[in-house]
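>>> A predicted structure for the sequence below; I have some questions about it.
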Amino acid sequence: MNSSDRIIRMKTVLARTGLSRSTLYRKIADGTFPAQIKISVHGAGWRESAINHWLSDPVTYRAPTGDPK
């Protein structure tokens, strides 16, 4: 796993994006922000590469369709 594919948690995502938690979840539901991936029974995070992709162009970002795994 390279450094851009490490898993980052909610606190880091919120700090990097400047979004609020509710806005982040709304954008996930709309398909305009990368979805979380499950990392344990009670934990989830985001691939850092997906967040970097969103940060490069947040206005036109569309989540890929299909299975996010």
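Perfect, thanks for sending it.

>>> how about the helices in the chain?
Ranges of helices in the chain, per DSSP state H, are 10-17, 21-30, 48-56.

>>> of all the ones you listed, which one comes closest to residue 65?
helix 21-30 (13.3 Å; CB to CB). Just so you know, the C-beta spots here come from the backbone N, C-alpha and C atoms, and that holds for glycine as well.

>>> buried stuff in that closest one?
Using 16 or more other CB atoms under 10 Å as the burial criterion, the residues of helix 21-30 that qualify are 24, 27.

>>> now for that helix, which elements pack on it?
helix 10-17 (3 or more CB pairs under 8 Å, 6 or more residues apart in numbering; DSSP states H and E).

>>> contact partners of the helix it packs on?
Helix 10-17 has contacts (CB atoms under 8 Å, 6 or more residues apart in numbering) with 8, 19, 20, 21, 24, 45, 46, 51, 54, 55, 58.

>>> for those residues, which two are the farthest from each other?
45 and 58 (19.1 Å).

>>> neighbour count winner among those two?
residue 45 (18 against 14; other CB atoms under 10 Å).

>>> thought that one was touching residue 39?
Yes: counting by CB atoms under 8 Å, residue 45 does reach residue 39; the two are 5.4 Å apart.

>>> tell me which of the helices of the chain sits nearest to residue 64.
Per CB to CB, nearest to residue 64 of the helices of the chain: helix 48-56, 9.3 Å.
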